[in-house]
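Participant: Just the structure for this:
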Amino acid sequence: MKTISNEQLTIQVSPHGAELCSIFANGKEYLWQADPAFWKRHSPVLFPIVGSVWENEYRNEGIPYTLTQHGFARDMEFTLVSEKEDEVYYRLISSEETLQNYPFPFCLEIGYRIQGKQIEVIWKVKNTGDKEMHFQIGAHPAFYWPEFDANSLERGFFGFDRKDGLKYILISERGCADPSVEYSLELTDELLPLDTHTFDKDALILENEQVRKVTIYNKEKRAYLSLHFNAPVVGLWSPPAKNAPFVCIEPWYGRCDRAHYTGEYKDKDWMQHLQPSEIFQGGYTIEINE
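Facilitator: Coordinates of the predicted model:
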C-alpha cells in the first residue's frame, strides 16, 4: 500500500488492482472501506470490459472467450513503476494468463496525482500487439453518504452540470442493459433527490456524454464531493435493497452488453479501439467540496 499526501488530503493506493483504497480529508474518510456485508471493494478499475458480457461470453473473430463482470484487472497485482511526493503510478502487462480470456497484448498504467483537495486518476492503455485492439475501461469509486443515518429514508442529492432533459437506461437481465428504453431523470430544484429506493432497479446509466460532472450534496444541499470526467457514459449505483452507507459515481468508456447480445466483441456498444502501438488516455478527477 502506498500513501501520498499534502496539507489537505491523504490517499492510499494498493498494488492489488492499482485500487484507490482511502481518501482522508477534513478529519474523515470519504472512500468506502469495503465492508463485505455490503460490497467488498473501494474503487476498482474496470478493464477490459465494463459491466457484464451476455452469459459471461463474448466473441472475437468468431472465437468465444469468457470474461466475468468488469474484467480481470481489478483482481490482478500491478507493478509500482514510479512514485513522487504527489503521485504514484502502477502498471499491468498482458500475460499468458490474460491472453486466455482476452486475446490482445496490452500495457495498462494507472496513476493517481493529488493537488489541493483534488485527486486526478489517470489511465493509459497501450496496444502492444500487432492487430487492432478492442477494450473498455471504467471507474467504480464508492463514497460514503454524507451524514449517513440508517434509520432515515433520505440520503441527500445528486447535482449535474446539465439541469434538464437527462435520460437514463437500466440493467434489464443478467447484468445486461436494455438501451431501447429510456427514462427521464426527474430533478427537483435542479437536483436529484436520493433515498433508499433510488437504486431499487440497480444502476442508473446515463449515456451519450450527457454530463461531465456529478456532485453529491448532503441533506442540507451543501456540496460534499464531485467527480469531473470526459467519459461518454456514467453509472450511478448503490446496492439495491441493502440500505448501504455509500454511493458510486462511475465514469465509463464502455458499458455492459445489451441483453442477448451475441455479436462480435469489437461491435459492442461504447467499445474503444487502438491500432498497434497506439495509446489511449483517460481518467477522471475527484474533488472534495467541503
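Participant: centroid residue for this protein?
Facilitator: The chain has residue 139 as the residue nearest its centroid, 1.9 Å off, counting by Cα atoms, centre = their mean.
Participant: Give me the below-cutoff pLDDT ranges for the chain.
Facilitator: Within the chain, no stretch falls below the threshold (pLDDT under 70).
Participant: mind listing the helices for it?
Facilitator: Remark: helices assigned in the chain by DSSP state H are 96-101.
Participant: Based on its surroundings, how many neighbours for the closest residue to residue 166 other than its chain neighbours?
Facilitator: Nearest non-adjacent residue to residue 166, counting by Cβ to Cβ, 6 or more residues apart in numbering: residue 185, 3.9 Å away. For every residue, glycine as well, the C-beta is placed using N, CA and C. The burial count assigned to residue 185 is 19, neighbours taken as other Cβ atoms under 10 Å.
Participant: got a list of what residue 185 touches?
Facilitator: Going by Cβ atoms under 8 Å, 6 or more residues apart in numbering, residue 185 touches 166-168, 192, 204, 206.
Participant: and with 7 Å instead?
Facilitator: Counting by Cβ atoms under 7 Å, 6 or more residues apart in numbering, residue 185 makes contact with 166-168, 192.
Participant: phi, psi of it?
Facilitator: Phi and psi for residue 185, reported as degrees, to the nearest 10, are phi -90, psi 110.
Participant: gap between it and residue 192?
Facilitator: Taking Cβ to Cβ, to the nearest Å as the measure, residue 185 falls 6 Å from residue 192.
Participant: so how far is residue 186 from residue 240?
Facilitator: Between residue 240 and residue 186 the computed distance is 19 Å (Cβ to Cβ).
Participant: on that earlier part again, ok, the residue nearest to the centre of the chain touching residue 249?
Facilitator: No - Residue 139 is beyond contact range of residue 249, at 8.2 Å (criterion: Cβ atoms under 7 Å).
Participant: Would you mind listing the residues touching both of those two?
Facilitator: Counting by Cβ under 7 Å, 6+ apart, residue 139 and residue 249 have no common neighbour.
Participant: so residue 45 makes contact with residue 18?
Facilitator: Yes - in this structure, residue 45 is within contact of residue 18 by Cβ under 7 Å, at 6.3 Å.
Participant: Between the two, tell me which one has more neighbours.
Facilitator: Counted by other Cβ under 10 Å, residue 45 and residue 18 do not tie: residue 18 has more neighbours, with 31 against 25.
Participant: which residues sit in contact with the residue nearest to the centre of the chain?
Facilitator: Residues touching residue 139, when contacts are defined by Cβ under 7 Å, 6+ apart, comprise 43, 45, 121, 250-251, 284.
Participant: Please pick the buried ones from those.
Facilitator: Buried subset of the contacts of residue 139 (neighbour count, 16 or more other Cβ atoms under 10 Å): 43, 45, 121, 250-251, 284.
Participant: can you tell me how far the nearest residue to residue 252 once chain neighbours are set aside sits from residue 286?
Facilitator: Using Cβ to Cβ, 6+ apart and skipping residues adjacent in sequence, the residue nearest residue 252 is residue 138, 3.6 Å away. According to Cβ to Cβ, residue 138 stands 15 Å off from residue 286.
Participant: how about the residue nearest to residue 68 when sequence neighbours are not counted, what does it touch?
Facilitator: Nearest residue to residue 68, sequence neighbours excluded (Cβ to Cβ, 6+ apart): residue 56, at 5.6 Å. Contacts of residue 56 were listed using Cβ under 7 Å, 6+ apart, and they are 66-68.
Participant: In contact with residue 89, which residues?
Facilitator: Residue 89 sits next to 81-82, 109, 111 when contact means Cβ under 7 Å, 6+ apart.
Participant: One more: residue 252?
Facilitator: By Cβ under 7 Å, 6+ apart, the contact list for residue 252 reads 50, 138, 231, 233-235.
Participant: what's the closest of those residues to residue 199?
Facilitator: Nearest to residue 199 among the contacts of residue 252: residue 235, at 10.4 Å, using Cβ to Cβ.
Participant: wait, what's in contact with the closest one?
Facilitator: Residue 235 is in contact with 203, 205, 250, 252, counting by Cβ under 7 Å, 6+ apart.
Participant: Let me have these in JSON lines, extended by distance to residue 160.
Facilitator: Output for the contacts of residue 235, formatted as JSON lines (distance: Cβ to Cβ, whole Å):
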{"residue": "203", "distance to residue 160": "16"}
{"residue": "205", "distance to residue 160": "14"}
{"residue": "250", "distance to residue 160": "14"}
{"residue": "252", "distance to residue 160": "16"}
